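1. Predicted model, plus sequence, below.
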Amino acid sequence: MAFKFLNLWSTDIGIDLGTANSLIHVRGKGIVVNEPSIIALDEETDKVVAIGNEAREMLGRTHRDIITIRPLKDGVIADFEATEIMMRELIRKANINRMLIGKIVVDVPSGITEVEKRAVRDSAERAGAREVHLVAEAMAAAIGVGLDIGQPVGNMIVDIGGGTSEIAVISLNGIVHHSSIRVGGDEMNLAIMQYFKKNYNLLIGEKTAEHIKCTIGSATPLAEEIRTEVKGRDLVDGIPKTIEVSSVEIREALEEAIGTIIDAVKVALERTPPELASDILDRGIVLTGGGALLKNLDERMREDTSLPIHVAEDPLTCVVRGCGKILEDFERYEKVLLKHRRM
């Protein structure tokens with residue numbers, strides 16, 4: 001009886017615990033938190049100084065007593081304690097009473113190990129969840145986009161996140177083929193940083209690299225190429241320096257990461273059963289995740305695969321919207337959740 005009473009007043013939440021951004025969806029309310037997955041801590045006291053956007057502003061600008069941590073790397077938990085703190089603080093930001101949390105649905109990459117799954121479950125439980133359910137990231141993205149995953153029809157999803165790119169062929173509420181490569185937005189940022197180091201002897205920060213990627217990065221030539229000024233530290237004489245670069249150079253820097261993602265998509269297509277492959281030929285590939293926002297990526301993928309490519313509406317939130325839909329109609333989607341294996 002007490003359990004039923006708790007269920008009546010409990011808050012069910014969906015969490016997209018991403019390498020770059022973390023989002024929270026509250027059942028009945030929608031997306032209430034969308035913040036970078038960064039936390040700033042006082043090194044002496046371990047107290048939280050800032051989280052999300054505030055912590056991101058501190059990247060590369062802190063003194064020795066404050067450290068900024070990105071608790072997730074390549075789509076999985078790299079720092080367990082920091083992840084737990086971040087999850088707890090994000091839930092607090094969403095104005096959710098931890099004592100009233102019921103179910104939490106969290107997405108995870110398809111290539112995740114049982115140990116890594118356990119770490120996600122433990123973090124969610126310590127954040128206050130009574131029930132923790134995991135769902136494959138690509139499956140959550142497909143549900144969030146609105147694909148009818150229950151039909152005997154092939155759907156291909158490519159979810160390009162910060163740490164990983166998830167590629168999956170989905171039919172009859174299950175994943176027929178999946179691959180997870182540890183190449184995403186972070187790898188693109190790193191490629192830009194290395195490009196400046198190698199070609200201009202200029203050291204730039206991760207935040208600057210991401211800004212360059214978002215503003216002038218592209219996968220194919222632009223109708224009108226863009227130029228922008230970049231500030232960094234000269235590695236030869238150690239003083240601050242400004243240079244001007246074009247979108248052509250940034251495209252060159254991103255080529256390897258983009259090529260790796262497209263090659264993985266081609267391999268997935270080769271391994272897809274012929275009947276489902278013919279469905280994908282008709283229906284095309286759906287791009288989700290922040291990486292889908294890279295200029296002309298859909299055009300480049302269309303050229304390389306000769307398939308229709310569709311960028312999802314608001315690709316950044318597809319996964320957490322999928323987690324939210326699972327909570328809204330739990331009985332219908334329960335079969336798509338990952339089974340919990342005791343270790």
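-> Okay, I see it. Residues are numbered from 1 along each chain as shown.

2. Spell out for me which residue occupies the centre of the protein.
-> Central residue of the chain (Cα atoms, centre = their mean): G161, 3.4 Å from the mean position.

3. for the stretch 201-343 of the chain, what spans make up the strands?
-> 202-203, 227-234, 240-246, 285-288, 309-311 (DSSP state E, counting those that start in this stretch).

4. Compare the ones you listed and give me the one nearest E89.
-> strand 285-288 (26.2 Å; Cβ to Cβ). From N, CA and C alone the C-beta is placed, and that goes for glycine too.

5. Tell me which other helices or strands the closest one touches.
-> Using 3 or more Cβ pairs under 8 Å, 6 or more residues apart in numbering; DSSP states H and E as the contact definition, the elements that strand 285-288 packs against are helix 137-145, strand 155-160, helix 297-305, strand 309-311.

6. Could you check how far the residue nearest to the centre of the chain is from G174?
-> Here G161 is placed at a distance of 22 Å from G174 (Cβ to Cβ, to the nearest Å).

7. circling back: hang on, isn't the residue nearest to the centre of the chain packed against G185?
-> Yes - in this structure G161 lies within contact range of G185 using Cβ atoms under 8 Å: 6.8 Å.

8. got any residues that touch both of these two?
-> Shared contacts of G161 and G185 (Cβ atoms under 8 Å, 6 or more residues apart in numbering): T19, A20, G290, G291.

9. ok, which pair from those residues is furthest apart?
-> T19 and G291 (11.3 Å).

10. Comparing these two, which residue is more hemmed in?
-> Ranked by neighbour count (other Cβ atoms under 10 Å), T19 and G291 place G291 first, with 27 against 24.

11. Let me see the contact set for that one.
-> Contacts of G291 (Cβ under 8 Å, 6+ apart): I160, G161, S165, G184, G185, M188, I261, L297.

12. for those, which one is nearest V286?
-> I160 (11.5 Å).

13. so how far is P274 from the closest one?
-> Where P274 is concerned, I160 sits at a distance of 26 Å (Cβ to Cβ).

14. give the contact list for L59.
-> Counted by Cβ under 8 Å, 6+ apart, L59 has contacts I38, T68, G205, E206, K207.

15. neighbours around the residue nearest to I91 when sequence neighbours are not counted, how many?
-> With Cβ to Cβ, 6 or more residues apart in numbering as the criterion, I91 has its nearest non-adjacent residue at 5.8 Å, and that residue is A127. Neighbour count for A127, taken as other Cβ under 10 Å: 24.

16. and what of E334?
-> By other Cβ under 10 Å, neighbour count at E334 equals 11.

17. swap in E331?
-> Neighbours around E331, by other Cβ under 10 Å: 6.

18. separation between it and L337?
-> From E331 across to L337, the span is 12 Å (Cβ to Cβ).

19. can you pull out the helices in the stretch 151-300 of the chain?
-> 185-200, 206-216, 247-270, 274-283, 297-305 (DSSP state H, counting those that start in this stretch).

20. Same list, those, but as TSV with mean pLDDT please.
-> Below are the helices of the stretch 151-300 of the chain laid out as TSV (pLDDT from 0 to 100):
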stretch	mean pLDDT
helix 185-200	97
helix 206-216	95
helix 247-270	97
helix 274-283	96
helix 297-305	97
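
21. could you redo those as TSV and give each row mean neighbour count and distance to I96?
-> Shown next, in TSV, are these (neighbours: other Cβ atoms under 10 Å; distance: least, Cβ to Cβ, whole Å):
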stretch	mean neighbour count	distance to I96
helix 185-200	20	28
helix 206-216	19	29
helix 247-270	18	35
helix 274-283	15	37
helix 297-305	18	35
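
22. Tell me which of those sits nearest to P240.
-> Of the helices of the stretch 151-300 of the chain, nearest to P240 by Cβ to Cβ is helix 206-216, at 12.1 Å.

23. what angle do the closest one and helix 247-270 make?
-> Computed by axes from the mean of the first three to the mean of the last three Cα atoms, to 10 degrees, the angle separating helix 206-216 from helix 247-270 equals 90 degrees.

24. Which residues outside helix 206-216 are in contact with it?
-> 56, 59-60, 185, 188-190, 192-193, 204, 226-228, 230-232, 245-247, 250, 254, 293-294.

25. from the middle of its chain, how far away would it be?
-> 17 Å (Cα atoms, centre = their mean, to the nearest Å).

26. what angle separates that helix from helix 185-200?
-> Using the same axes, to 10 degrees: helix 206-216 against helix 185-200 is 90 degrees.

27. and helix 206-216 with strand 240-246, angle?
-> Going by the same axes, to 10 degrees, helix 206-216 makes 30 degrees with strand 240-246.

28. Sketch out the low-pLDDT regions of the stretch 1-150 of the chain for me.
-> Within the stretch 1-150 of the chain, the stretches with pLDDT under 70 are 1-8.

29. Please enumerate the strands of it.
-> Going by DSSP E, counting those that start in this stretch, the stretch 1-150 of the chain shows strands at 11-17, 21-26, 30-36, 39-42, 48-51, 66-69, 72-73, 76-77, 101-108, 131-136.

30. Could you list the buried residues of the third one?
-> Neighbour counts using 16 or more other Cβ atoms under 10 Å place I31, V32, V33, N34, E35, P36 of strand 30-36 among the buried residues.

31. among the strands of the stretch 1-150 of the chain, which is the most enclosed?
-> Mean neighbour count (mean count of other Cβ atoms under 10 Å) peaks for strand 11-17 among the strands of the stretch 1-150 of the chain, with a mean of 27.
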